[in-house]
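A.B. asks: Okay, sequence plus prediction incoming.
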Amino acid sequence: MVASFALRGLCRARAALRCDLAELLWVPRRGHRLTPADDELYQRTRISLLQRESPQSMYIDSYSSLGFMVNGNRVLGPCALLPHSVVQWNVGTHQDITEESFSLFWLLEPRIEIIVVGTGDRTERLQPGVLQAMRQRGIAVEVQDTPNACATFNFLCHEGRVTGAALIPPPGGTVLTTLAQAAE
């Protein structure tokens, strides 16, 4: 009896597996093409930034060994970026960074939440006393190499955080191109 049920089930399954060859070879037809033409593969896309989401924010467009391009304005040498302004920062290397050189950041209102420090082409340690003084004033300090500090600053500004940056240009020929130059 079990054998007859198994045989009957096999026959039904075999009938279900039978289908026409035309059904197997049938491919849905589309009225449009899904792949780009050869000439479209070699065209470049150009991006034009018409307006930033928050026009009052600071953004670092590019950097070089000479300085920075901030919101379309060239800044030569080390600089301090505040929520609505850019100032020259009187330091030469990470060894020149002192509690006094950071005093600018804790005098501001509204209070800055975090300062991103760019120390050139390498991440360098700041003096422990400087970091302790900033921590006592309730300001977080993130120390990175300048290229990563620029990206972190832009990200934090985009999030709407009250942030500042203290940046030393990287020596040599290091350049971050702007979005428009990268698209070309």
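C.D. replies: Yes, it's here. Numbers count the residues shown, from 1 in each chain.

A.B. asks: Contact partners for residue 167?
C.D. replies: By C-beta atoms under 8 Å, 6 or more residues apart in numbering, the contact set of residue 167 is 60, 63, 68, 78-81, 89, 117-118, 146, 149-150, 153. For every residue, glycine as well, the C-beta is placed using N, CA and C.

A.B. asks: so which helix or strand takes in the nearest residue to residue 149 once chain neighbours are set aside?
C.D. replies: Distance criterion C-beta to C-beta, 6 or more residues apart in numbering; nearest residue to residue 149, sequence neighbours excluded, is residue 118 at 3.2 Å. If you go by DSSP states H and E, residue 118 is part of strand 114-119.

A.B. asks: on that earlier part again, out of the contacts of residue 167, who has the most neighbours?
C.D. replies: Greatest neighbour count in these, by other C-beta atoms under 10 Å, goes to residue 118: 30 neighbours.

A.B. asks: Just confirm that residue contacts residue 166, I think it does.
C.D. replies: Yes - between residue 118 and residue 166 there is a contact under C-beta atoms under 8 Å: 7.2 Å.

A.B. asks: returning to what we had before: which pLDDT value goes with the residue nearest to residue 149?
C.D. replies: If you check residue 118, the pLDDT there is 94.

A.B. asks: now it, which residues is it bridged with?
C.D. replies: residue 144, residue 167 (DSSP bridges).

A.B. asks: contacting residues around it?
C.D. replies: By C-beta under 8 Å, 6+ apart, residue 118 lies in contact with 144, 145, 146, 147, 148, 149, 150, 165, 166, 167, 168.

A.B. asks: so which two of the residues you listed are the farthest from each other?
C.D. replies: 147 and 166 (14.8 Å; C-beta to C-beta).

A.B. asks: who's more crowded, the two?
C.D. replies: Remark: of residue 147 and residue 166, residue 166 carries more neighbours, 25 against 16, as counted by other C-beta under 10 Å.

A.B. asks: For the residue nearest to the more buried one when sequence neighbours are not counted, which residues are in contact?
C.D. replies: Nearest residue to residue 166, sequence neighbours excluded (C-beta to C-beta, 6+ apart): residue 117, at 4.8 Å. Counting by C-beta under 8 Å, 6+ apart, residue 117 makes contact with 97, 126, 141, 142, 143, 144, 149, 165, 166, 167.
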